[in-house]
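Trainee: Here is the input, now give the coordinates:
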Amino acid sequence: MRIIIAAGGTGGHIFPALSVAQEMKRQCPDVSLLWIGTSRSREKEVCEKNSIPLQLTQVTGMKRSLSPAAVAAVLRFCREVLRMRAQFRANRPDAVVAFGGYVSAPVCAAAVLARVPLYLQEQNTVPGVVTRIFASRARCIFLGLPLADGQRLRGTTTVTGTPVRVASRDYDAFAYPDGLDRGKKMVLICGGSQGALSMNRCLIEPVKTWLAAGTQVVWQTGEAGFTEVRDALKQLPGAFVFETIDDPYPFYATARVLVGRSGASSMAEAAYFGLPCVLIPLPWATENHQWKNAGWAEAQGWAVRVAQADNTATTVAASVARILDDQKTWERMGGKAIDHAPSSAASDIVSRIVGDARA
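Mentor: Modelled structure (predicted):
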């Protein structure tokens, strides 16, 4: 089998794609995978680490205002579509699997023009532009979460959950930071693959309170907020501050609470580890989809949704304290997270694609 993976941009697109690629290799050891992405994000690093060939595309995001840059972006897009269509016709893949974002757009268009079976994976409660445009031409749209507000897509949809990588669950051999005591309570703060500067600033004072009470904090700040957070906490024991965390799984396995944004991929990983969450949705996310993502998790009983506002620090501090200090609350929320974990999402997606190709 020959399968094309189209994903790039943020970790929210890349890591579900990686999960499906890994599962495809497991189910079909002789599969030929090709990942189409850009050199501007983490897909190059991910592909190299997992021995997946990467083909670079020069497409960029398109702005709606008319300008020379916008015209250049449209021309690049058209050139990439034509190039990929010729490639797909010459070496016909069995399927194209796209994970959203502007990187996926020319790949989806080329697949439609070359009549290659197209599959979409949509992570959020509000479908992205690429998903909406190509939904009617896809064999199936795999939804990470139920669509919010009664929205519908033209095409066949199935709720699989957002794919997550399989965890070893045993991280005794992992090189945790010096001084981190896995026997003590720990809060993990993560704003997603890009970090979250405005959220970081809301959390500095609550974190100082947690540290003073003996709770450890592992904090992935992102590049923009790293120096500010590190300097604010450098004299306080129990704080472990990182610009990025390549693999958050060992920290999910150790933490008792996750505090972060509500990107669908991070939420899926937290649920997979049975981790209660305090979610602070990105206020300017497209169509407020993070707010709706967090609302879904809160309704399931394993997350608390907190708006980013003047009282964010107080609300987050109270929510985390309730989870950390009440064993029954922690166990109940963790159980609800496990109940809604997308443990079989990657397997379900791959089984559908493979089954269609072999039919």
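
Trainee: All the strands of the protein, in order from the start?
Mentor: Ranges of strands in the chain, per DSSP state E, are 2-6, 32-37, 54-56, 95-98, 118-122, 140-143, 157-159, 186-190, 216-220, 239-242, 257-260, 277-279, 303-305.

Trainee: can you put the ones you listed in JSON lines and add mean neighbour count and mean pLDDT?
Mentor: For glycine as for every other residue, the C-beta is placed from the backbone atoms N, C-alpha and C. Conversion of these to JSON lines gives the following (neighbours: other CB atoms under 10 Å; pLDDT from 0 to 100):
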{"stretch": "strand 2-6", "mean neighbour count": "24", "mean pLDDT": "98"}
{"stretch": "strand 32-37", "mean neighbour count": "22", "mean pLDDT": "96"}
{"stretch": "strand 54-56", "mean neighbour count": "16", "mean pLDDT": "95"}
{"stretch": "strand 95-98", "mean neighbour count": "26", "mean pLDDT": "98"}
{"stretch": "strand 118-122", "mean neighbour count": "27", "mean pLDDT": "98"}
{"stretch": "strand 140-143", "mean neighbour count": "24", "mean pLDDT": "98"}
{"stretch": "strand 157-159", "mean neighbour count": "15", "mean pLDDT": "97"}
{"stretch": "strand 186-190", "mean neighbour count": "25", "mean pLDDT": "97"}
{"stretch": "strand 216-220", "mean neighbour count": "24", "mean pLDDT": "97"}
{"stretch": "strand 239-242", "mean neighbour count": "20", "mean pLDDT": "96"}
{"stretch": "strand 257-260", "mean neighbour count": "26", "mean pLDDT": "97"}
{"stretch": "strand 277-279", "mean neighbour count": "26", "mean pLDDT": "98"}
{"stretch": "strand 303-305", "mean neighbour count": "24", "mean pLDDT": "98"}
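
Trainee: I'd like the ones you listed laid out as a markdown table, including distance to Thr329.
Mentor: Output for the strands of the chain, formatted as a markdown table (distance: least, CB to CB, whole Å):
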| stretch | distance to Thr329 |
| --- | --- |
| strand 2-6 | 40 |
| strand 32-37 | 41 |
| strand 54-56 | 44 |
| strand 95-98 | 39 |
| strand 118-122 | 32 |
| strand 140-143 | 30 |
| strand 157-159 | 28 |
| strand 186-190 | 15 |
| strand 216-220 | 20 |
| strand 239-242 | 25 |
| strand 257-260 | 11 |
| strand 277-279 | 12 |
| strand 303-305 | 10 |
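
Trainee: Just tell me which of the ones you listed ends up closest to Lys328.
Mentor: Proximity to Lys328 (CB to CB) singles out strand 257-260 among these, at 14.8 Å.

Trainee: so what does the closest one touch, helix or strand wise?
Mentor: In terms of contacts (3 or more CB pairs under 8 Å, 6 or more residues apart in numbering; DSSP states H and E), strand 257-260 is packed against strand 186-190, helix 264-272, strand 277-279, helix 312-325.
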